[in-house]
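Peer 1: Structure for this input, please:
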Amino acid sequence: MNRFVLLLAALLITRSAFSQERNVAGIIRELHDPTSKNVLVVAHRADWRGAPENSLAGIERAIQMGVDVIEIDLKKTKDGVLVLMHDATIDRTTNGHGKPEDYTWNELSQFFLKNGHGGPTRQHIPTFEACMQLVKGRAMVNIDKGYDYYKEAYDILVKTGTVDHAIIKSGKPYEQVKAENGDLLGNKLAYMPIVYLDRPNANAILQTYSEKLKPVAYELIFSTDSALVNSNYLKIPETGSKIWFNSLWSNQNASHDDERSVDEKQPEAGWGWLISHGATLIQTDRPEELIEYLRKRGLHP
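Peer 2: Residues are numbered from 1 along each chain as shown. Okay, here's the model as predicted:
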């Protein structure tokens, strides 16, 4: 039996008795409900603090925490298999070297993933299909570095019965996305534009998307408070879309980040500030702590 099927079975069998995981139907319902005040938690590259990033073990850990959405990244092997990998090469995250597309899937599957400290593990690079089999019925995924494989990813989602489990995104203008993937855009696979509010064309991008397509959400990047508050972002909820903020790194959120919320013990100045400015999805590197904070505020089931 394929080692990934065995690993998947082991992960499902060994779910913690104290698991906080949610049913995906409720997550999907909240994502598409503009009146919901709950904040959906997005785990950046899964639980990479407790397992290798973009790994099945990291995804399983995030789901059991109660995470709503798992952020993943895609690359493609020489023989056309979609795999979970963030970088252009496998050097940082595995014991191998080179680009994913330099290897067949069989060759790539022989390498071992590294943990967050660069140490070796006995885990392997998972396929996108194995990822979707693991999350099915349990959580959604956000496909970040995967726009180049939009149609191929959609085919895998159809195969696994998880089309409604996924959000794909890019920082590309509407006209380009429409031209390249118009047959899938919005109607079949949920799409989210990334908008950099520091840029002079930010409001024009927001307006175009609101007029041409109602995205499921907008991922907003801003380096200063004024870049956010002086934009037209408050019109987003009026169109029925969600607001997604990142609390990962300070340059994406004007320093209202995970570090301030957890390490500096100022969650109201970090996550609280993002919520007070309209966040209904937050992508974080500290999902367990964010879920605890939200539940104390009655903002997460």
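Peer 1: gap between Pro126 and Trp105?
Peer 2: Distance, Pro126 to Trp105, using C-beta to C-beta, to the nearest Å: 11 Å. To be clear about C-beta, it is placed using only N, CA and C from the backbone, and glycine gets the same treatment.
Peer 1: Now do the shared contacts for those two.
Peer 2: With contacts defined as C-beta atoms under 8 Å, 6 or more residues apart in numbering, the residues shared by Pro126 and Trp105 are Val83.
Peer 1: of these two, who's got more company?
Peer 2: Pro126 (26 against 17; other C-beta atoms under 10 Å).
Peer 1: okay but that one is in contact with Met85, surely?
Peer 2: No - with contacts counted by C-beta atoms under 8 Å, Pro126 stays clear of Met85, the gap being 9.5 Å.
Peer 1: Overlap in contacts, the two.
Peer 2: Asn54.
Peer 1: So what's the gap between stretch 292-301 and the chain middle?
Peer 2: 20 Å (C-alpha atoms, centre = their mean, to the nearest Å).
Peer 1: Check stretch 277-288 too.
Peer 2: That offset, for stretch 277-288, works out to 11 Å (C-alpha atoms, centre = their mean).
Peer 1: Neighbouring strands - and their directions - for the longest strand that the chain contains?
Peer 2: What stands out as the longest strand in the chain, according to DSSP state E, is strand 190-196. Sheet pairing for strand 190-196, assigned by DSSP bridges, gives strand 166-170 (parallel), strand 217-221 (parallel).
Peer 1: Output those strands as CSV; include the columns mean neighbour count.
Peer 2: Below are the strands paired with strand 190-196 laid out as CSV (neighbours: other C-beta atoms under 10 Å):
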stretch, mean neighbour count
strand 166-170, 23
strand 217-221, 24
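Peer 1: Export those strands as CSV, with columns for mean pLDDT and distance to Gly26.
Peer 2: Supplementary listing: these in CSV, determined by pLDDT from 0 to 100; distance: least, C-beta to C-beta, whole Å:
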stretch, mean pLDDT, distance to Gly26
strand 166-170, 96, 16
strand 217-221, 98, 17
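Peer 1: Need these in CSV (columns: distance to Arg260).
Peer 2: Listed next are the strands paired with strand 190-196 as CSV, based on distance: least, C-beta to C-beta, whole Å:
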stretch, distance to Arg260
strand 166-170, 25
strand 217-221, 17
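Peer 1: Looking at those, spot the one closest to Thr121.
Peer 2: Thr121 lies closest, by C-beta to C-beta, to one member of the strands paired with strand 190-196: strand 166-170, at 26.4 Å.
Peer 1: I'd like the next helix or strand past the closest one.
Peer 2: Sequence order places helix 174-181 as the next helix or strand after strand 166-170, per DSSP states H and E.
Peer 1: which residues are in contact with that following helix?
Peer 2: Contacts for helix 174-181 (C-beta under 8 Å, 6+ apart): 150-151, 170, 185, 191, 193, 205, 208-209, 212-213.
Peer 1: Nearest to Pro237 among the residues you listed?
Peer 2: Tyr209 (14.0 Å).
Peer 1: wait, that closest one sits on Ala217?
Peer 2: No - taking contacts as C-beta under 8 Å, Tyr209 lies outside contact range of Ala217: 10.8 Å.
Peer 1: Now do the contacts for Tyr147.
Peer 2: The contact partners of Tyr147, by C-beta under 8 Å, 6+ apart, come to 168-170, 172.
Peer 1: All the helices of the chain, in order from the start?
Peer 2: 3-13, 24-31, 56-65, 105-108, 128-135, 150-160, 174-181, 202-212, 225-229, 258, 271-276, 287-296 (DSSP state H).
Peer 1: what's the distance between Gly146 and Gly298?
Peer 2: When Gly146 is compared with Gly298 (using C-beta to C-beta), they lie 34 Å apart.
Peer 1: Repeat that for Ile168.
Peer 2: 31 Å.
Peer 1: Please name the residues that touch His44.
Peer 2: So His44 contacts 71, 246, 248, 283-285 (C-beta under 8 Å, 6+ apart).
Peer 1: Could you report the neighbour count for Ile194?
Peer 2: Neighbours of Ile194 under the rule other C-beta under 10 Å: 16.
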